[in-house]
Structures are given as C-alpha cells and as structure tokens.
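> Got a predicted structure plus its sequence, pasted below:
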Amino acid sequence: MATTKAEKHSERVWKRLPKGQNGGIELLLIQSVDHLGKQGDVVEVRPGYANNYLIPQGLATIATPHHKRMVDKHRAKLLEIEKSRLAGLRAIADLLNRQSVTIEANANDEGHLYGSVGPADIVSALKEQNFTITADQVRLEGPLKELGLYTVKIHLHAEIESELKVWVVPTVSGDE
C-alpha cells in the first residue's frame, strides 16, 4: 500500500529532534557556520533553523553521544598534529633568530638606496640559505631605503614570531 503525502508529513512531525538545555535543538556542526560555530562544535539552535537550513544544507547533524565521541577522537588527533607542527615552527624560529642575511643594493654616497629592499628580497635571500618563508610572513614597518643593519620580524604562526638580522650593503662593482 502506498503512503500518502499527509502520512509522510505526520510521520515526520513525530520524529522530533532532541531538545537541548535551553529548549532549542542540539546539533553537531559538520562544517563551520558564520556566527554559530566551527566544525565539530555542539551548538543549540531553534528548531526552525535546524530543520529548514542547517540539516537540509548538510551543515549539521543531530548531536548523538556517538557523534560526540567521534569528534572528540578526531580533535585529539588534530591536537597532536598541531603540537608537532608548532614544535617544528619553534625550531625554525630559533634558527632564524641566530641567522642573518646580507642583501646587496645600489646606493648613493650618503647611503640612500636607489630603490628599496622589501619582503620579496628578504624571502629570496632566505631561500638561498634553505629557509622557506613567504613574503606575507615578513613584517616590515616600511621598505628599507638606506644601508645598514635592520631587525625584521618573521611571523611564522599566531603564537610564533622570530627576528632576523638583515644587512643592507652597497653593491660591489667589478670595475674598481
């Protein structure tokens, strides 16, 4: 016997979602949702938001004890990976603190550069010393426009910053 549309609707109404502490519905976020939470968070939302948007769009699922255990195991693995990554970044930061780079630039007799030294120049100088840093990780207060020694911050992570000594020296011409 075929089920009618009305029977399917009444069947769906009886399958209510579990209530949270504040009367809303407890859901586990499958994907990060702006102004609600990150992937893996357990959130409590109004029934309409859950039934009409989050669950049909595949952004959340019902927060069963099994799902919560799976997320906790996954988080533990991610924490271990992040800890080892941070340890590697700290080692790189220590090496950078003890490192210095020399960049040659054309300058006049007073020591003013004809151009300037920017993050790309520092990145290429570090690349020659087998350091892989991107230009957006180099924090300059402005382009370096004079000869001399500068201390440049290298931003490796939200928690990890390093300082690098940069020597800007005049270009040695071969006809002297």
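Thanks, I have it.
> contacts, neighbours, all on C-alpha from now
Noted.
> List the contacts of Trp167.
Ser100, Val101, Thr102, Ile103, Leu147, Gly148, Leu149, Tyr150 (Cα atoms under 8 Å, 6 or more residues apart in numbering).
> redo that, cut-off 6 Å
Thr102, Gly148, Leu149 (Cα atoms under 6 Å, 6 or more residues apart in numbering).
> does the first one count as helix, strand or coil?
Reducing the assignment to helix, strand or coil with DSSP: H, G, I helix; E, B strand; the rest coil, the entry for Thr102 is strand.
> Gly23: neighbouring residues, count only.
For Gly23, the count of nearby residues is 12 (other Cα atoms under 10 Å).
> Tell me, what's the model's pLDDT at it?
What the model reports for Gly23 is a pLDDT of 76.
> Make 136 the starting number, not 1.
With the count now opening at 136, the last piece we talked about shows up as Gly158.
> Quick check: it vs Thr269, distance?
For Gly158, the distance to Thr269 (Cα to Cα, to the nearest Å) stands at 48 Å.
> model confidence over the lengthiest strand in the chain, on average?
Secondary structure of the chain per DSSP state E: the longest strand is strand 296-305. Per-residue pLDDT over strand 296-305 has a mean of 95.
> Quick one: distance of that strand to the chain centre.
26 Å (Cα atoms, centre = their mean, to the nearest Å).
> got the contact list for stretch 194-206?
Outside stretch 194-206, the residues that reach it (Cα under 6 Å, 6+ apart) are Glu161, Leu162, Leu163, Leu164, Ile165, Gln166, Leu189.
> top of the residues you listed by neighbour count?
Greatest neighbour count in those, by other Cα under 10 Å, goes to Leu162: 26 neighbours.
> pretty sure that one is in a strand, no?
Yes. Counting by three-state DSSP, Leu162 is located in a strand.
> That one: what's it in contact with?
Val177, Val178, Thr196, Ile197, Ala198.
> which element is the third one on?
Going back to what we said before, that points to Thr196. Taking DSSP states H and E as the criterion, Thr196 maps to strand 195-197.
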